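Enquirer: One predicted model, sequence on top.
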Amino acid sequence: MNHIKFTEKSLRQLKPKAQSYTVQDSKESSFFISISAQGKKTFYVKVDIEGQRKTKKLGFYYELSIRQARQQAQELKQAWFLTKDDISSSPKFEDFVQGPSFKTVLSKYKPSTQASMQRHLDKELIPLFGKRALHQIKYQDVFAWFEKRSIHYPGGANRILDILIVVFKQALLENYCSVNPAVGVKRNPTKDCTRFLSREELKRLSLELNRRKGFIYRDARQCADIIYLLLFTGCRLSEIINMKLEDIQGSNLHLRDSKTGERIVPLNQAALTILRPYIAAKRKKVFLKSNRKMYISEDIQHFWYRVRKKVNIEDVRIHDLRHTFASYAVMQGCPLPMLSKILGHKRFSTTLRYTHVSDPMVIEQAEQVGNHMNDLLTKSSYERHIEVLKAEFGIDMSI
């Protein structure tokens, strides 16, 4: 089944075929349009609830606007999920997320994850939903917020949606709502993670970072250094901005609370050169803003948006700097098991994505492996033994 974002243009382009067919809205999983062989287009809603399928026709394409039909689909979906004994009272959203039961839920996450979740709750979700009772927050409310948030920050919208799902999962367990209104909102597609900077792009980026390191403003200089460290170490942004002086141990960075657990990152000379003045400053936190507050990811993201626009690499995310480090490590011949350890990957398969098939070195390695396997499969053990003697000892015993 095809999935497209329903717009006037996209639906006009749906042409009749020999047999009727159905297309699903990529933004609302329960919303469909059927195109008959005669070209008649019909909106309808379809939901699977506990193994039972519910379907209802909403109207013809020429009768309803896309917005009206999508809203009807959302309302029906919400109504179908509600139980007969609907809940009439529940705590306010802000009281619930600040209460003991949800604090217990938060405590199960790593400290850095707890801090991130709490920040999103305080800055966005509590101002948005705080004064409303849990059972009064509907799917349409979450969907409307998600659509608006996704315009400029699709990745951030996905992360905050995950927090909402956790909140209402706990609310369901405590019978404060009949359905999780965040479930069913279709997440934004994630970007292909193989983007890395070319040598020319790296040169342009370095010139711009060096220009900003010359600024009188301390925060601009520090942000430039943080970007450099991302490129020189392959660390995640959170690992750099939360770095403590005690974490720098000689030529190693001891990460006690990384995404995948505790690990050691080797610091090359380029990274140590960046860190040297910060080590000399002897601050407990390596990076502090001029107002003595800690950096948060949004601070560096805003700095990066300005830099990448200036350098004409606006499609590059800040996390792509980590991919750049990994990609060049592979091209320089770094063994994948070693790279996996440096990056802190739990699964070796995650590291394998950096073996870009367009890289000449990787193609050459693949050719060598293929030739070796071909030799093993086609040559006799006697022939292989003769080749080993010739290669290692210069003894030619061929007839």
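Expert: Done, it's in.

Enquirer: neighbours around the nearest residue to residue 8 once chain neighbours are set aside, how many?
Expert: Sequence neighbours aside, residue 66 is the residue nearest to residue 8 in space, at 6.8 Å (criterion: Cβ to Cβ, 6 or more residues apart in numbering). Just so you know, the C-beta spots here come from the backbone N, C-alpha and C atoms, and that holds for glycine as well. By other Cβ atoms under 10 Å, the residues close to residue 66 number 18.

Enquirer: Same check on residue 31?
Expert: Neighbour tally, residue 31, other Cβ under 10 Å: 25.

Enquirer: beta partners of it?
Expert: Counting by DSSP bridges, residue 31 is bridged to residue 45.

Enquirer: do the same with the one 10 residues further on
Expert: In this structure, residue 41 has beta-bridge partners residue 35, where bridges are defined by DSSP bridges.

Enquirer: next one: residue 52
Expert: With DSSP bridges as the rule, residue 52 is bridged to residue 49.

Enquirer: Quickly note the distance from it to residue 32.
Expert: For residue 52, the distance to residue 32 equals 17 Å [Cβ to Cβ, to the nearest Å].

Enquirer: separation between the closest residue to residue 105 other than its chain neighbours and residue 338?
Expert: Nearest residue to residue 105, sequence neighbours excluded (Cβ to Cβ, 6+ apart): residue 170, at 5.3 Å. To residue 338, residue 170 is 41 Å away according to Cβ to Cβ.

Enquirer: any idea where the strands of this structure begin and end?
Expert: 2-4, 21-25, 31-35, 41-49, 52-60, 248-249, 252-255, 263-266 (DSSP state E).

Enquirer: quick one: strands adjacent to the last one?
Expert: Going back to what we said before, that points to strand 263-266. With DSSP bridges as the test, strand 263-266 pairs up with strand 252-255 (antiparallel).

Enquirer: What lies in contact with the partner strand?
Expert: 233, 235, 239, 243, 246-248, 262-267, 344 (Cβ atoms under 8 Å, 6 or more residues apart in numbering).

Enquirer: who's the nearest residue to residue 266 once chain neighbours are set aside bridged to?
Expert: Nearest non-adjacent residue to residue 266, counting by Cβ to Cβ, 6+ apart: residue 252, 5.9 Å away. Residue 252 forms beta bridges with residue 249, residue 266, as assigned by DSSP bridges.

Enquirer: For residue 252, grab the count of nearby residues.
Expert: Residue 252 has 12 nearby residues by other Cβ under 10 Å.

Enquirer: roughly how far apart are residue 108 and residue 117?
Expert: Counting by Cβ to Cβ, the gap from residue 108 to residue 117 is 11 Å.

Enquirer: ok, these two, which is more surrounded?
Expert: residue 117 (21 against 8).

Enquirer: Surely that one is in contact with residue 109?
Expert: Yes: contact criterion Cβ atoms under 8 Å: residue 117 and residue 109 qualify, at 6.8 Å.

Enquirer: what's the burial count for the closest residue to residue 327 other than its chain neighbours?
Expert: Distances taken as Cβ to Cβ, 6+ apart place residue 196 nearest to residue 327, at 4.1 Å, with adjacent residues excluded. Neighbour count of residue 196, defined by other Cβ under 10 Å: 20.

Enquirer: I'd like the distance between residue 196 and residue 22.
Expert: Residue 196 is 39 Å from residue 22, by Cβ to Cβ.

Enquirer: now swap in residue 264 and tell me
Expert: Distance from residue 264 to residue 22, by Cβ to Cβ: 53 Å.

Enquirer: got it, and residue 153?
Expert: Residue 153 is 32 Å from residue 22, by Cβ to Cβ.

Enquirer: Tell me where the model's unsure across the protein.
Expert: 1, 50-51, 81-87, 191-194, 260, 336, 345-399 (pLDDT under 70).

Enquirer: residue contacts, residue 266?
Expert: 251-253, 342.

Enquirer: of all those, which two lie farthest apart?
Expert: Farthest-apart pair in those is 251 and 342; separation 13.2 Å (Cβ to Cβ).

Enquirer: ok so, going back, of the contacts of residue 266, select the buried ones using a ChimeraX command.
Expert: Only the buried entries of the contacts of residue 266 go into this ChimeraX selection, using 16 or more other Cβ atoms under 10 Å:
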select :253,342
